[in-house]
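**Q** no sequence on this one, just coordinates:
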DNA sequence: ACAATTAATGTAATCGATTGCACGAAAATA
DNA sequence: TATTTTCGTGCAATCGATTACATTAATTGT
């Protein structure tokens, strides 16, 4: 019921009739303590089940061994997997991961960062929200000297490292794959270009068309939210306006799913009449009766690498210089049923 | 580059030529400070952009406003959603959530808890790993006087609160639904009974059969891991041994999915030849071309309630008594395509 | 006008660990 | 033997905020 009184170095020092300073030095294996006392201290520390008080240490040293991760939503598979990657890499080094979600809201994002800074975390990992335009709250982190690492969704801020996916390449490959399968009239249902990732996917799509001498048709370009419903609406819009197309490259698996629903509802066969490629390799894509071709992003790896960049960064900070490291991971196309024309 | 020097109450006290004690009292709105100084302090605090040092406060008060959440895997939708619920409830009260994953490994679980305790968190939420049998490491938390709340997967320990789903009821309803649809030969592919949840789901299944005067056939009872592959294997096993069945109630959506794959591969039609019901309402279940009937668990709500129980607990601890609160949430059956016989 | 309250502020200890400086004792050197 | 090193410890300040207790100043009552 009542708190067990914690054992401190003073308890050890009293028991052995030596000063707390010596105990501290012994526990830290300082070479200024005799072997005899060192062993004695270590022994009694074990006996009394001494646990170092992390708070006192943090107050003194300024390091908490806590890092913060800020994401739009933690129960989105992608972000949860990145967090897992970070956690797996940092946990063995004694770090704890504090997670925060912004619900795609800048104000929330700014507030979360503020409280994280106040909690004296040793570093921050962030994937910015869709609504983030001003980056003042992010620059503040950098200016306080706290290591900051962007992952997936970044902003261009000098002196900040980032780990991202090569969205351009992923989109280019996906589009090229559709072209090679014989599709020539490929629609692109993308997302808001305020987020770099969607801009890059768009660019990759355009580049692939041009590389294969296909015309770019503005009618085939849409920007929608990343939901099943938005996908349904997008395809409805295309059909209603009699815009003809024989394939869809979607910047979101959810949108692709919605789109396929609507296409089937209108009698279109996939992949015979319309080929479909999504983006993200969401877990559900491979469980569909007709598994969806999609671009995979290796989120766990992304988290691990972000963590490694952080670890490099803190040793650099000690040396009092800042490196700006930009890591770009290659995506992988998972070629599945929805984009393979029969007999080809 | 270099750390901005943090502003402390001493900076304020120097600037105003008053003692740090008065500053502290003013900031805490004590009634032992004159209104004049109070305003003055508040004003200069804002001017200097003073931020309370959470570490110093934690060291003094023993409260860190951090809580720990221990789950098997954080990128499983269910757990991620529970965490989200906890986070949403506690964040407005100034708490931070520290997450840890055990990878279904007791040793890891024990270690995580140990380091959490050492970080002086204010409470721990835990869903135990599959391999957890001894509960010493968990009792230690209770004995240290740290509020502890089980969610979903619990162990019976006196003096510890829990928030769970009524798995019995969920299984009972799912099975009853199949019976009402006209299925009479229902197999149950469950999980290891070491986890209470699987035992309860099994019990619910049995109870439903008995309530409808259906015989319990041991051949129709399997225990497997919660994976697609295990589902495939399970159905293969049933078919190979010529065990006839016209429905499957699975304790896992993944297993149900694998089972359906294998059934279709063998020419069975779902739901005409075999009805299928899963458990968990994983996101993918509703995106299947033939959406899966499944039992939903309201994980976000579970997290929120767990958080509320925690908040009650800490006020109780102050009053120096412990309440053991057991909250059991009702699951909800999502009736979808895989269990509705045509024309019925 | 003087004692008794009350109001406002200051002093110093505390939370637990770390660390520069100082001190005494033993060992090495002259 | 006298003197300088070296070695092991202890003292006390520090990190930043809180709070019991002490102290001073202002106010009230008689």
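**A** Arrived safely, thanks for sending. Values in this document were obtained by computation on a predicted structure and should not be read as measured data.
**Q** DNA strand D contacts on chain A?
**A** When proximity is defined by Cβ under 7 Å from any atom of the strand, chain A lies next to DNA strand D at A:17-22, A:25, A:31-37, A:56, A:59-60. All C-beta spots, glycine's among them, are computed from the backbone N, C-alpha and C.
**Q** among those, which lie within helices?
**A** A:20, A:21, A:22, A:25, A:35, A:36, A:37, A:56, A:59, A:60 (DSSP state H).
**Q** was I right to think the fourth one contacts residue A:33?
**A** Yes - counting by Cβ atoms under 8 Å, residue A:25 does reach residue A:33; the two are 4.9 Å apart.
**Q** ok, these two, which is more surrounded?
**A** residue A:33 (21 against 17; other Cβ atoms under 10 Å in any protein chain shown).
**Q** any of the residues of chain A next to DNA strand D buried? List them.
**A** Taking 16 or more other Cβ atoms under 10 Å in any protein chain shown as the criterion, what is buried in the residues of chain A next to DNA strand D is A:18, A:22, A:25, A:33, A:59.
**Q** secondary structure element for residue A:187?
**A** Secondary structure from DSSP states H and E places residue A:187 in strand A:186-190.
**Q** do residue A:242 as well
**A** Per DSSP H and E, there is no helix or strand for residue A:242.
**Q** what about it, neighbour count?
**A** For residue A:242, the count of nearby residues is 7 (other Cβ under 10 Å).
**Q** same check on residue A:223?
**A** For residue A:223, the count of nearby residues is 16 (other Cβ under 10 Å).
**Q** what's the answer for residue A:255, then?
**A** 30.
**Q** what does chain A put close to DNA strand C?
**A** Within chain A, the positions near DNA strand C by Cβ under 7 Å from any atom of the strand are A:6, A:8-10, A:20-21, A:24-25, A:27-28, A:50-53, A:56-57, A:59-61.
**Q** of these, list those near chain B.
**A** Restricting the residues of chain A next to DNA strand C to those touching chain B (Cβ under 8 Å from any Cβ of the partner chain) yields A:51, A:52, A:53, A:56, A:59.
**Q** which of those residues sits closest to residue B:155?
**A** Nearest to residue B:155, judged by Cβ to Cβ, of those is residue A:51 at 23.9 Å.
**Q** doesn't that closest one belong to a helix?
**A** No - read with DSSP: H, G, I helix; E, B strand; the rest coil, residue A:51 is coil and lies in no helix.
**Q** quick check: it touching residue B:120?
**A** No - the pair residue A:51 / residue B:120 is not scored as a contact, 10.0 Å apart, by Cβ under 8 Å.
**Q** neighbour count winner among the two?
**A** Using other Cβ under 10 Å, the more surrounded residue of residue A:51 and residue B:120 is residue B:120, with 19 against 14.
**Q** ok, residue A:73 touching residue A:103?
**A** Yes - using Cβ under 8 Å, residue A:73 makes contact with residue A:103 at a distance of 6.8 Å.
**Q** can you read off the pLDDT for residue A:40?
**A** Each residue has a pLDDT score; the one for residue A:40 is 95.
**Q** what count of nearby residues applies to the closest residue to it other than its chain neighbours?
**A** Leaving aside its chain neighbours, residue A:40 sits nearest to residue A:16 (6.1 Å; criterion: Cβ to Cβ, 6 or more residues apart in numbering or on different chains). When neighbours are defined as other Cβ under 10 Å, residue A:16 has 16 of them.
**Q** distance of residue A:16 from residue A:53?
**A** 19 Å (Cβ to Cβ, to the nearest Å).
**Q** likewise for residue A:17?
**A** Distance from residue A:17 to residue A:53, by Cβ to Cβ: 22 Å.
**Q** now swap in residue A:275 and tell me
**A** Relative to residue A:53, and taking Cβ to Cβ, residue A:275 is found at 61 Å.
**Q** now residue A:232
**A** 56 Å.
**Q** for those two, indicate the residue with more neighbours.
**A** residue A:232 (20 against 17).
**Q** check the stretch 201-344 of chain A for the residue nearest chain B and tell me.
**A** residue A:284 (3.5 Å; Cβ to the nearest Cβ).
**Q** would you say that residue is within a strand?
**A** No - Residue A:284: not assigned to a strand; according to three-state DSSP it is helix.
**Q** which residues sit in contact with it?
**A** A:253, A:257, B:283, B:284, B:287 (Cβ atoms under 8 Å, 6 or more residues apart in numbering or on different chains).
**Q** which among these count as buried?
**A** A:253, A:257, B:283, B:284, B:287.
**Q** so which strand or helix has the second one?
**A** Element membership for residue A:257 (DSSP H and E) is helix A:253-265.
**Q** hey, where'd the helices end up in the stretch 201-344 of chain A?
**A** Using DSSP state H, counting those that start in this stretch, the helices of the stretch 201-344 of chain A run over A:228-240, A:253-265, A:299-318.
**Q** then the stretch 1-150 of chain A?
**A** Under the criterion DSSP H, counting those that start in this stretch, the stretch 1-150 of chain A contains helices at A:9-16, A:20-27, A:35-47, A:54-61, A:77-90, A:106-118, A:136-143.
**Q** make JSON lines from those and add distance to residue B:42 to it.
**A** Output for the helices of the stretch 1-150 of chain A, formatted as JSON lines (distance: least, Cβ to Cβ, whole Å):
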{"stretch": "helix A:9-16", "distance to residue B:42": "37"}
{"stretch": "helix A:20-27", "distance to residue B:42": "38"}
{"stretch": "helix A:35-47", "distance to residue B:42": "45"}
{"stretch": "helix A:54-61", "distance to residue B:42": "25"}
{"stretch": "helix A:77-90", "distance to residue B:42": "38"}
{"stretch": "helix A:106-118", "distance to residue B:42": "18"}
{"stretch": "helix A:136-143", "distance to residue B:42": "22"}
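**Q** nearest to residue B:244, out of those helices?
**A** helix A:77-90 (37.7 Å).
**Q** distance between that closest one and the chain's centre?
**A** Taking the mean of its C-alpha atoms, helix A:77-90 sits 7 Å from the chain's own mean (Cα atoms, centre = their mean, to the nearest Å).
**Q** same deal with stretch A:290-306?
**A** 10 Å.
**Q** with stretch A:53-60 instead?
**A** Distance of stretch A:53-60 from its chain centroid, counting by Cα atoms, centre = their mean, is 30 Å.
**Q** ok, now stretch A:325-344?
**A** 20 Å.
**Q** what are the buried residues along that stretch?
**A** A:325, A:329, A:331, A:333, A:334, A:335, A:336, A:338, A:339.
**Q** could you report the neighbour count for the residue lying closest to residue A:266 once chain neighbours are set aside?
**A** With Cβ to Cβ, 6+ apart as the criterion, residue A:266 has its nearest non-adjacent residue at 6.2 Å, and that residue is residue A:239. Residue A:239 has 16 neighbouring residues, counting by other Cβ under 10 Å.
**Q** read off the pLDDT value for residue A:239.
**A** 97.
**Q** residue A:224 and residue A:25: what is the separation?
**A** Distance of residue A:224 to residue A:25, given as Cβ to Cβ: 63 Å.
**Q** now swap in residue A:74 and tell me
**A** Taking Cβ to Cβ, one finds residue A:74 at 42 Å from residue A:25.
**Q** that older thread, can you tell me which residues contact the residue nearest to residue A:40?
**A** A:23, A:37, A:40, A:41, A:44.
**Q** residues contacting the fourth one?
**A** It refers to residue A:41. Residue A:41 sits next to A:12, A:16, A:18, A:22, A:23, A:26, A:27, A:33 when contact means Cβ under 8 Å, 6+ apart.
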